[in-house]
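J.: Here is a sequence together with a model predicted from it:
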Protein chains: 4
Amino acid sequence: MVVCLPDTQDNAPNIPIELSRVGVTGVKKLLQLERNNKRPIILLPTFDAFVDLPNDQKGVHMSRSPEAISEVLENVATDKNAEVETICAEIVEKMMIKHEYAKRVEIRMTSDYMFVGESPATKNSTQEMAKIIAKAVGIREDGKVTISKSIGARVTGMTVCPCAQESVKESDKAKLLEFLDEETTQKVLDTVTFASHNQRGIGTLLIEVPEKHTIKGEDIIDIIQDSMSSHVYELLKRPDENAVVMSAHKNPVFVEDCVRNMMVKIVKQYTDLPDDTVITARQENQESIHRHNAFAEKVTTLGDLREELKEMI
Amino acid sequence: MVVCLPDTQDNAPNIPIELSRVGVTGVKKLLQLERNNKRPIILLPTFDAFVDLPNDQKGVHMSRSPEAISEVLENVATDKNAEVETICAEIVEKMMIKHEYAKRVEIRMTSDYMFVGESPATKNSTQEMAKIIAKAVGIREDGKVTISKSIGARVTGMTVCPCAQESVKESDKAKLLEFLDEETTQKVLDTVTFASHNQRGIGTLLIEVPEKHTIKGEDIIDIIQDSMSSHVYELLKRPDENAVVMSAHKNPVFVEDCVRNMMVKIVKQYTDLPDDTVITARQENQESIHRHNAFAEKVTTLGDLREELKEMI
Amino acid sequence: MVVCLPDTQDNAPNIPIELSRVGVTGVKKLLQLERNNKRPIILLPTFDAFVDLPNDQKGVHMSRSPEAISEVLENVATDKNAEVETICAEIVEKMMIKHEYAKRVEIRMTSDYMFVGESPATKNSTQEMAKIIAKAVGIREDGKVTISKSIGARVTGMTVCPCAQESVKESDKAKLLEFLDEETTQKVLDTVTFASHNQRGIGTLLIEVPEKHTIKGEDIIDIIQDSMSSHVYELLKRPDENAVVMSAHKNPVFVEDCVRNMMVKIVKQYTDLPDDTVITARQENQESIHRHNAFAEKVTTLGDLREELKEMI
Amino acid sequence: MVVCLPDTQDNAPNIPIELSRVGVTGVKKLLQLERNNKRPIILLPTFDAFVDLPNDQKGVHMSRSPEAISEVLENVATDKNAEVETICAEIVEKMMIKHEYAKRVEIRMTSDYMFVGESPATKNSTQEMAKIIAKAVGIREDGKVTISKSIGARVTGMTVCPCAQESVKESDKAKLLEFLDEETTQKVLDTVTFASHNQRGIGTLLIEVPEKHTIKGEDIIDIIQDSMSSHVYELLKRPDENAVVMSAHKNPVFVEDCVRNMMVKIVKQYTDLPDDTVITARQENQESIHRHNAFAEKVTTLGDLREELKEMI
């Protein structure tokens, strides 16, 4: 018995308005990216996929979006040069074909990403984790599709508050002056690692990737980690723990500084990217003295950033 | 012993760039809003508070933002007409004073909100919950602060898929035709409540509130709930459960329809709001047949919406 | 038209086995506890409710559990002495009546609880938050119901690592000895607030409440907070921040110490509780140097604890 | 300059009490399990690791636990027969050596696990996800370590409520009888797929694995999925969606039935497991008509279960 199943989605809706974004969220996949002469990169990405919907169509064909994701992922399985943001762009292309009515398609991806670190003193190898983020947006105009894509990461590190440290130093200085002269006190102040509050900070960075450019996720992870007081590590023997705490306290940073540090590193590292490259940097510190978090963010173009920093670079 | 604590934040930063948003996230408060002749409204809101930061200042005075929130909340405790979005606007005003360097201040608030519902058949009183959302953004230009504010809600309801229901109906129709004539079959089809997949759907709506207008959170909750196939309830006796399932299946909606329904209700209900009022409607259905969700969203102005719907209203 | 709705739950199941726990999870309520001469306590508790199910009954009457919760909460609204664990016990009693087949009923409750704190230096009033936990289990034997109940809390505080601090101190000592003699170095070591890693720690404590005893949630919150290096606060002016950081670093604690500190305080404070009182203490520190957490837990009876600590108390 | 870092953890604590569990939570790893003639299994497990601590030792050597996890995972990388619960047992063994004072060691592991499914009508291959759970507990007595281990899974499926469906059927029957005779009405009732509420259900199953037995994670996933009304799928074309909805509504189950179904399948499938094998089965349904969930659980031994089901098997 063949039943002709109706295609309710192609009907005109009773309420004829356009929708900005229609799609699926939370589509989880396994993705193994082959690399020449290196171990493959293993990701467990979660995808969101959206298209716009014109006012004369009741619904999108929902299943075509997870289908497009699956088809692209199967194809890249053997491509040794596939980058996550390029994969997102390919999904956008495929969705533009499957949703022929769409004028805008958006793909967002986020995935755990395991990488190998090295503990600071004992130089042990440690397995660390970051989130890799990628995004692609396609616009169809006059039958032609233009795609912009971005890559980014979210990484946990350690931040030490400079203000609290300065104030502990001042408090202790007053006590030291009770039994030391000014000069010796100053030498002690220059020597001692003063306390502060410190905590996990979570840095996020997203950079547009222009046509024919490649930005490595690993580099973005480095930029984020290096912009905080210290990296964090999953395995620290006692000398490592000492090294982390001491070096972090020699490099205290405000939540604002983390964003500024990321921005300077980007300007220095990506000299070949065009001025209209959009950059988003964000830092959220899980303050150890509060129940709430501290937050800083800058959204800018590389051109504006270069202008702001022209005296520094 | 008096120690002069240093004010590290007022220093110039080494990296002289502006920051878009600096502040605190996750500040939790208890808020009791008095109402004339009614039980007070109890909220446990969580606030995010942001200011921009010029390029010549190292850090914001972080503590001033939770301080501004506290001070405003203490004042409204006795104000019988305080609305959540007005409270956010007042916090923006206070933060503009405390952060005299800021050109932009943003407050976001979200809170559990308990309300009383009524079960559909037994008419029992039930305690239901929604999220209330409010937002205010202040811009300082030429010494003058302009504040825009919004109110919204996020509510869980039930959605029944029209497409799956139609296809079940077609399948069953074929079987009915094996022992019934066409006319009787059609009568059966018109009578029976056919199965579909159904699930929790989460609707979100945010509406700008122009100066001198008031939009009730309760009305927004109603709009969101009424745009799905059925409300959900915390207490349903058997006849209520039957009523919910039967009425929901008489009113199947796509995820896209939920957004469209919200939009029509807004156009009809808020005829006095100006054309430039910004509206965001979003629906996310936790599909019972998938592990992923279905999603739809429309961001528009009331003017554009009125234009789109002019033939309908 | 009256339709006789079937009572499917009372049928015998095809698979005749007992079930340990059947019920509802995540039932959210608003609860206002009146207090004599004090501001009422406002809670937004989430309840889980379970009964066991004999092997001859297909299903529980699910709606009776949220119904029992509602009915009890309506009654306590005017009771000036209601405690959360007593409320849980009353729900157990009501459920024993509604589920006449049940031999075991369990109620668990957890709620945000806002309380007023005071910043350590400026003595400003601050609004703080903890989770209040309560639990009651009823057992029916020979027609008689026995109920045991517990109260507890979960609170965020700050922990400073003693080991890392000691190792920073040793490192700095070596450098101080390069320009100071041993005696002066020792004086400096005794004076200075050395750095360590510090972080949010989350302490949880649950104590059985014997018949005719009352244990205050506020006291449990105090015990948990006082067992860490420092309380955390939502509003800290600069002198407060300094006081928190300095006092926390004078009181470094391992994750294990937090649990030990809670246990000593309990033995000292609750001298009138019987030996068979069950106590669970747990601490989880969100290590600022790792992505993972440190954890410690002790489950014991008050009698065993008194025995272990008899030389100390 | 060599600084001798102190070993604060080996000191005696001021408060001489034993601790039940001390360790780390949330240690995330990448794990690739080789399989003969098959694609390797890729997991991103999160580990918790605990030891007990005697009353004469201030702290555990925290870093030894993530170290033990790393060392075991490196070794299994090339073992073609490694099972997740065996890996947990090996970590327990290694921790027993590293924490020579420990009398009890516990390892818990949970991981996303991607597997290939097949859509029910179009027979398309689909990528599906479950959580794999494993656990091992070692006890040291008289110098000898005994380890018990368990494997389990958590899987999302679809559940259709039998009670609501029965009540819809009764309601519709009354209406059908207005224009059909009893016999035809009955034939219609037997033919039509009546509506009910349906939703995502999450089943969890954990089975002890006795020495020299192997229980496959894939089999546990099958048991859980097959105990609900239907599997869920990430990619469903229209005929598949129809098949899922229709077959699910032919197989309605209470939350209690899901647990019962798992138990029967276990008794039938694992006839060789000993009577003292501990089994935990749990089901939580995200009810589409409520904001709260329905829950059922049974904890038992295989022997008791066989006794309960002896008339059925």
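T.: Great, that's in hand.
J.: show me the contacts for the closest residue to residue A:303 other than its chain neighbours.
T.: Spatially, and ignoring its direct neighbours in sequence, residue A:303 is nearest to residue A:275 (2.9 Å; C-beta to C-beta, 6 or more residues apart in numbering or on different chains). C-betas here are computed from N, CA, C, even on glycine. Contacts for residue A:275 (C-beta atoms under 8 Å, 6 or more residues apart in numbering or on different chains) come out as A:301, A:302, A:303, A:306.
J.: For residue A:250, give me phi and psi.
T.: phi -80, psi -10 (degrees, to the nearest 10).
J.: Count residues in the vicinity of it, would you?
T.: 12 (other C-beta atoms under 10 Å in any protein chain shown).
J.: Give me the mean pLDDT for stretch A:67-86.
T.: For stretch A:67-86, mean pLDDT is 86.
J.: and that stretch with chain D, contact?
T.: Yes. Stretch A:67-86 lies within reach of chain D by C-beta under 8 Å from any C-beta of the partner chain, at A:67, A:70.
J.: which parts of that stretch are buried?
T.: If you call a residue buried by 16 or more other C-beta atoms under 10 Å in any protein chain shown, then stretch A:67-86 has these buried ones: A:67, A:68, A:69, A:70, A:72, A:73, A:76, A:82, A:83, A:84, A:85, A:86.
J.: on that earlier part again, which among the contacts of residue A:275 count as buried?
T.: So, by 16+ other C-beta under 10 Å, the buried ones in the contacts of residue A:275 are A:302, A:306.
J.: related to what we said a few turns ago, what about the residue nearest to residue A:303, which helix or strand?
T.: Using DSSP states H and E, residue A:275 maps to neither a helix nor a strand.
J.: contacting residues for residue A:221?
T.: Contacts of residue A:221 (C-beta under 8 Å, 6+ apart): A:113, A:115, A:130, A:153, A:155.
J.: if we go to 6 Å?
T.: A:130, A:153, A:155 (C-beta atoms under 6 Å, 6 or more residues apart in numbering or on different chains).
J.: Kindly write the ChimeraX command that selects the buried subset of those.
T.: In ChimeraX, this line selects whichever of the contacts of residue A:221 come out buried by 16+ other C-beta under 10 Å:
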select /A:130,153,155
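J.: could the contacts of residue A:221 be laid out in a markdown table, adding distance to residue A:58, pLDDT and secondary structure?
T.: Shown next, in a markdown table, are those (distance: C-beta to C-beta, whole Å; pLDDT from 0 to 100; DSSP: H, G, I helix; E, B strand; the rest coil):
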| residue | distance to residue A:58 | pLDDT | secondary structure |
| --- | --- | --- | --- |
| A:130 | 41 | 98 | strand |
| A:153 | 39 | 98 | strand |
| A:155 | 43 | 98 | strand |
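J.: Nearest to chain B among the contacts of residue A:221?
T.: residue A:155 (18.1 Å; C-beta to the nearest C-beta).
J.: Which residues does that closest one form beta bridges with?
T.: Residues in a beta bridge with residue A:155, per DSSP bridges, are residue A:203.
J.: gap between it and residue A:292?
T.: 21 Å (C-beta to C-beta, to the nearest Å).
J.: near chain C, which residues of the stretch 151-300 of chain A?
T.: Proximity of the stretch 151-300 of chain A to chain C (C-beta under 6 Å from any C-beta of the partner chain) is limited to residues A:156, A:158, A:164, A:167-168, A:172, A:175-176, A:179, A:187-188, A:191-193, A:195, A:197-200, A:232, A:241-242, A:244-246, A:249, A:288-291.
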